[in-house]
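Visitor: here you go, sequence then predicted model.
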Amino acid sequence: MSKHPHLHDHEVILEVKNLRVAYGKVEALHDVDLTIRRGEIVTVIGPNGAGKTTLLASLMGLLPATGEIVYMGHAQGREREVETLVRQGMTLVPEKRELFAEMSVEDNLLLGAFDRYRSGHRDQMETMDEVFELFPRLEERRAQLAGTLSGGERQMLAMGRALMAKPKLLMLDEPSLGLAPLIIKEIFRIIAELKQTGVAILLVEQNARAALQIADYGYVLETGEVSLSGPSAELAADPRVIEAYLGLGHKTR
Amino acid sequence: MDLQILLLLGQDGITNGAIYALLALALVLVFAVTRVIFIPQGEFVAYGALTLAALQAGKVPGTIWLLVALGATIAVLDGFRLLREKRYAKLPPLLIFNVGLPLLAAAGLFALPAGDLPLWLQVTITMLVVVPLGPMIYRLAFQPLASAPVLVLLIVSVAVHVAMIGLGLLFFGAEGSRTPPFTEISFELAGAPLQGQTVLVVVASAALIIGLYFFFERTIYGKALRATAMNRTGARLMGIPPALAGKLCLTLAAAIGVFSGILIAPITTIYYDSGFLIGLKGFVGAIIGGLASYPVAALGAILVGLLESFSSFYASAFKEVIVFTLIIPVLLWRSLTSRHVEEEEE
Ligand SMILES: Nc1ncnc2c1ncn2[C@@H]1O[C@H](COP(=O)(O)OP(=O)(O)O)[C@@H](O)[C@H]1O
Ligand SMILES: [Mg+2]
């Protein structure tokens, strides 16, 4: 349980307690607790190798985990399958983006709505228009192959593809990774904008400054453990965070 | 050699090449999506041809029992899992598809005078009986090993192939069968006869290839299969289950195999073990395409067909040798020019 109250009392989307994940015998996450509410941006910051990607992969069902995971009011069993979680509105934009390189932008987006199509929804064209409104750059390149996009456009496509599933919980793994400052700014502006749609966002970042600026609440993950947590404004003012993540030596790339 | 012989041999080569092309496409598809080198591809050709022949002879084809047995096994396996997970709503469809429909089909085969039915109905029944074996085999043999290395999948694939050959002997006996041609029409082309059946094979293969092209380019399920082949993790994150992709893919592969078998049944005598050599020639085509490129695989397969037909004229004893020797220069050229196809990292 986190010590700090969240900023508002919207419905809890995801509640995690005592989450442990191990690669073989080596434990990568120890007793992580985390709460995300509807319409909230929660960020997890921390250095390389802290276990941020591991956290998202285990939440998405890609890695086995122990501990308590309650998603949308349902306690999760041990056998969590990616496909079931996607059906329940959880999506992950992975660190490596995992785009379909030899397919067009449009087809990548369309496949983002695959599960909705499979469960009988036929509104993918409207959803795609909404995505294009958010990322006009993607509309200009709709026929281009995903593999030929620039780094920023790839990140936009990965996010757009995730939004095609109309997620309730959107998890972003280092969206700023390897991008130029101007593009980072644009991506973060869009993430902040997404908040208005009511989707809960779990934002994992090494770029602590940018992440804390748009997030409501933050966790600091270090060597597999949550070392600090609190409302972002408080975290940003915490001397330990300033020292380790925001100080002069840590310019936003 | 005169023009007439050239045309005859070319005709033969292209007919067989068209079939090999279909099989090569199926092999590339299965490998790309599931990483299984699908050795039993040829068995579906033989099962298709022999099931049709059995129906036309008024017999109940043995393949129906395989359908019933595999269906029952799946129903038991998945049924227990559903009960354990308390997902009762999924039980009725599971039982209907894996037990109900196969039994219904078996009863239908006993009740109907299959030998007197029109050809198109016999063909439909053959497809309905043999094609579902594809996804069922995926469910039982490959789905539990979905993340196993390619070599393990290959070993299982060989095991399935051996089992299917054995069952083929049991179902159809050791004698070969040849079904009557679909059409007796014959044309003349520059003095050489052109069989209607030959034209039919080429046209039907081309139509199937075009159909597959539309499936993969235009439908969301086709795109989902391509996506799985390109990026498994990405596809899973979109909610495309690997098991669904695998079953869909083996359904297509089985359908292609059975369809090919039905097409060539009137041209060559098919024995219970004929599928292997036919599939292997498709495999040579697929290798020419590097198990990755559909158009190159199809062209390679047609080349195999032509090579086979011309070598059977000049050196008939060495026909198979010549065809399979083709694989050596191709592999050499591939290993010298192309990147190594690496085992996927997980
Ligand atoms: N597939 C893996 N096998 C073994 N150890 C891994 C694997 N992936 C990550 N790790 C280890 O788990 C720890 C956390 O990694 P990761 O979650 O990728 O960190 P982050 O995303 O915060 O950079 C690291 O020590 C890393 O070496
Ligand atoms: Mg990471």
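Guide: Thanks, I have it. Numbers count the residues shown, from 1 in each chain, chains lettered A, B, ... in the order given. Ligands and ions are numbered 1, 2, ... in the order given.
Visitor: what ranges do the helices span in the stretch 101-250 of chain B?
Guide: Here the stretch 101-250 of chain B has its helices, by DSSP state H, counting those that start in this stretch, at B:101-111, B:119-130, B:133-137, B:150-172, B:196-218, B:220-230, B:232-237, B:242-264.
Visitor: nearest to A:Leu14 among these would be which one?
Guide: Proximity to A:Leu14 (CB to CB) singles out helix B:232-237 among the helices of the stretch 101-250 of chain B, at 16.9 Å. All C-beta spots, glycine's among them, are computed from the backbone N, C-alpha and C.
Visitor: how close does the nearest residue to B:Pro180 once chain neighbours are set aside sit to B:Ala49?
Guide: Leaving aside its sequence neighbours, B:Pro180 sits nearest to B:Pro266 (CB to CB, 6 or more residues apart in numbering or on different chains; 6.3 Å). Distance from B:Pro266 to B:Ala49, counting by CB to CB, to the nearest Å: 9 Å.
Visitor: what about stretch B:87-105, start to end distance?
Guide: 27 Å (CA to CA, to the nearest Å).
Visitor: and for that stretch, what's in contact with it?
Guide: With CB atoms under 8 Å, 6 or more residues apart in numbering or on different chains as the test, stretch B:87-105 has contacts from B:64, B:67-68, B:71-72, B:74-75, B:78-79, B:82-83, B:128-129, B:132, B:136.
Visitor: out of these, which touch ligand 2?
Guide: Counting by CB under 5 Å from the ion, nothing from these sits close to ligand 2.
Visitor: list buried residues within those.
Guide: Buried by 16 or more other CB atoms under 10 Å in any protein chain shown: B:64, B:67-68, B:71-72, B:74-75, B:78-79, B:82, B:129, B:132, B:136, out of the contacts of stretch B:87-105.
Visitor: tell me the one of these nearest chain A?
Guide: B:Leu82 (12.9 Å; CB to the nearest CB).
Visitor: so that closest one, which state does it fall into?
Guide: Secondary structure, DSSP: H, G, I helix; E, B strand; the rest coil: B:Leu82 is helix.
Visitor: what residues does chain A have near ligand 1?
Guide: A:23, A:28, A:46, A:48-54 (CB under 6 Å from any ligand atom).
Visitor: list the contacts of the nearest residue to B:Gly115 once chain neighbours are set aside.
Guide: Leaving aside its chain neighbours, B:Gly115 sits nearest to B:Gly58 (3.2 Å; criterion: CB to CB, 6+ apart). B:Gly58 sits next to B:113-116 when contact means CB under 8 Å, 6+ apart.
Visitor: where does B:Gly58 land in three-state SS?
Guide: Under three-state DSSP, B:Gly58 falls in the coil class.
Visitor: kindly report the same for A:Pro47.
Guide: The local conformation at A:Pro47, judged by three-state DSSP, is coil.
Visitor: count of residues packed around it?
Guide: 14 (other CB atoms under 10 Å in any protein chain shown).
Visitor: ok but the residue nearest to B:Pro180 is inside a strand, no?
Guide: No - per three-state DSSP, B:Pro266 lies outside any strand segment and is coil.
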